[in-house]
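J.: take this sequence and fold it.
(one chain, ligands or ions: 1)
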Amino acid sequence: MAFLIVAMLALGKFMVNLDQTDPLRFTLTQWHKTTGVLILLLAVGRLVWRVTHTSPPHPTGAPAWERLASSVSHVVLYALLFIAPITGWMMVSVSPLNIDTLLFNVVPWPHIPWLENIADKHTAESLYKSWHEIATGVLIALLLVHIAAALKHHLIDKDTVLTRMLPSREARTAKTFVHLILALVLGVGVTVFAYATLQYSAAANFSAGNSAVQATAMVSGDETQISFPESTVTATINPDDLANSALNATVHTGSVTSENAQVQGSLPDADWFNSESHPTAMFESSSMEMDDQGQILVRGTLTIKGIDQVQTFVMRIDDTQSNSTGKKSASGEFTVDRTDYQLGLESQPDPTWVGNEVIIRFEFELTE
Ligand code: HEM
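T.: Prediction:
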């Protein structure tokens, strides 16, 4: 559990720093949810064990303040073993994106039923998100204290507090084993952080005017990512003068890629995007306005296969995702029904294998 939790803390911090449209962020978040639920289930087992067994006594001669600090921090650690995953579960249960949790990509895990019907999902999501961030932040702080205390017992007090945490009776006396475990934990930790830092600096370094358009659809029960590497966005956006702001995006349908090779192979076909006759799909805004929550609401026409449909979505102007040159970016997402655009009506008329709902996400840099 300790290894899973440390890995989850590193993974969580890493993935939230990735670009919203990066498919890696989506994939990692799905694995994060699986591991988080696993930790929650293990925590239940652990709590049952703890209340049915007597815990080892404090080392003899430990001062009263140390006993108190140890007991309090253990209670808080146990509480966080539940609070951290439950707040994560609450967050995904109210997410307006409504992305299912499939443990190990196979076993469906429900949303919390009484939270699913909450009216203002955006506000609830950001509230639970901040709870999850605070809970995991406290967990990080407490783990550091916990590790420091265990090391103090082992290296300074030279008692058995650290060694008795180890799994087997034999291990309590095997010093080399202790050192091996410490080296292993340290090695894995350093590797995860080095990898995370490398990936993060690579992810943050995208070039000026870059745009990314992605779609997510359910294919055979799996959330499948589709990317359009060739896209062009032209935009004039002034939050203070939305009446004169505009957004146009063109996507080359033939450039489509997917992690699912079968999907990638079929999408340019006549039944899907029909890239030969319709090499581009386009979005052209007709109006932008500020809604009553202070968000930019964009309305416009999305044309796929020559079919026009009006779409409305919230566009976010984001400073936090700015790249190393300090440029702002804009992003948004909306859901379309593929049958409205006659996509796959011949080969997949039924949503069982390929869902009708397709989430489209986009992001582009704003140069001032
Ligand atoms: C002990 C278990 C868990 C730990 C230690 C953990 C840790 C973290 C951390 C450190 C973050 C980054 C927070 C930030 O800085 O914003 C994060 C984000 C996240 N966690 Fe967890 N988590 C756990 C369980 C879960 C569970 C069970 C779920 C859902 C079922 C979940 C869903 C998420 C999601 C969706 C995000 C990303 C939010 C975003 O995209 O902004 N987590 N987690």
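
J.: mind listing what's buried along stretch 286-295?
T.: Met288, Gln295 (16 or more other Cβ atoms under 10 Å). Every C-beta, even on glycine, is put in place using the N, C-alpha and C of the backbone.

J.: centre of the chain to that stretch, how far?
T.: 27 Å (Cα atoms, centre = their mean, to the nearest Å).

J.: who touches that stretch?
T.: Stretch 286-295 has contacts (Cβ atoms under 8 Å, 6 or more residues apart in numbering) with 122, 237, 239, 242-243, 245-247, 296-301, 310, 314-316.

J.: among those, name the ones in helices.
T.: His122 (DSSP state H).

J.: show me how to select, in ChimeraX, the buried members of the contacts of stretch 286-295.
T.: Buried subset of the contacts of stretch 286-295, written as a ChimeraX selection, criterion 16+ other Cβ under 10 Å:
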select :237,242,245,246,247,296,297,298,300,314,315
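
J.: thought Ile99 was touching Glu223?
T.: Yes. Proximity of Ile99 to Glu223 meets the contact threshold set by Cβ atoms under 8 Å, at 6.7 Å.

J.: if I look at Lys129, how far off is Thr123?
T.: 11 Å (Cβ to Cβ, to the nearest Å).

J.: let me fix that, I meant to ask about Ser285.
T.: 26 Å.

J.: what's the pLDDT at Tyr200?
T.: The model reports Tyr200 with a pLDDT of 46.

J.: quick one: mean pLDDT for the host helix or strand of Leu68?
T.: Here Leu68, judged by DSSP states H and E, is contained in helix 64-94. The average pLDDT for helix 64-94 rounds to 92.

J.: do stretch 155-164 as well
T.: 77.

J.: in stretch 33-52, which residues are buried?
T.: Lys33, Thr34, Thr35, Gly36, Val37, Leu38, Ile39, Leu40, Ala43.

J.: for the ligand, what's the nearest residue on the stretch 51-200 of the chain?
T.: Here the residue of the stretch 51-200 of the chain nearest the ligand is Gly88; by Cβ to the nearest ligand atom that distance is 2.4 Å.

J.: isn't that residue up against Gly36?
T.: Yes. Gly88 is in contact with Gly36 according to Cβ under 8 Å; the separation is 5.1 Å.

J.: Ile237 reaches Ala330, doesn't it?
T.: Yes. With contacts counted by Cβ under 8 Å, Ile237 reaches Ala330, the gap being 6.5 Å.

J.: give me the common contacts of those two.
T.: Common neighbours of Ile237 and Ala330 (Cβ under 8 Å, 6+ apart) are Met315, Ile317, Leu366.

J.: can you lay out the residues you listed as a markdown table showing distance to the ligand and pLDDT?
T.: Formatted as a markdown table, the shared contacts of Ile237 and Ala330 follow (distance: Cβ to the nearest ligand atom, whole Å; pLDDT from 0 to 100):
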| residue | distance to the ligand | pLDDT |
| --- | --- | --- |
| Met315 | 18 | 87 |
| Ile317 | 17 | 76 |
| Leu366 | 21 | 72 |
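
J.: with respect to Gly189, which of the residues you listed is nearest?
T.: Using Cβ to Cβ, Ile317 comes nearest to Gly189 of the shared contacts of Ile237 and Ala330, at 36.3 Å.

J.: neighbours around that closest one, how many?
T.: 14 (other Cβ atoms under 10 Å).

J.: list the contacts for it?
T.: So Ile317 contacts Ile237, Pro239, Ile296, Lys328, Ser329, Ala330, Leu366 (Cβ under 8 Å, 6+ apart).

J.: keep only those of those that are in strands.
T.: Those of those mapping onto strands are Ile296, Lys328, Ser329, Ala330, Leu366, per DSSP state E.

J.: what are the ranges of the helices in the chain?
T.: Along the chain, the segments classed as helices by DSSP H run 2-16, 23-52, 64-94, 113-116, 121-151, 175-203, 261-266.

J.: lowest-confidence stretch among these?
T.: helix 175-203 (a mean of 65).

J.: can I get the shared contacts of Ile237 and Ala330 in CSV including distance to His53?
T.: Below are these laid out as CSV (distance: Cβ to Cβ, whole Å):
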residue, distance to His53
Met315, 55
Ile317, 55
Leu366, 58
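
J.: between those residues, which is nearest Ile181?
T.: Nearest member of the shared contacts of Ile237 and Ala330 to Ile181, counting by Cβ to Cβ, is Ile317, at 47.9 Å.

J.: which strand residues bridge that closest one?
T.: Using DSSP bridges, the bridge partners assigned to Ile317 are Ala330.

J.: kindly report the same for Gly300.
T.: Applying DSSP bridges to Gly300 gives these bridge partners: Ser285, Gln311.
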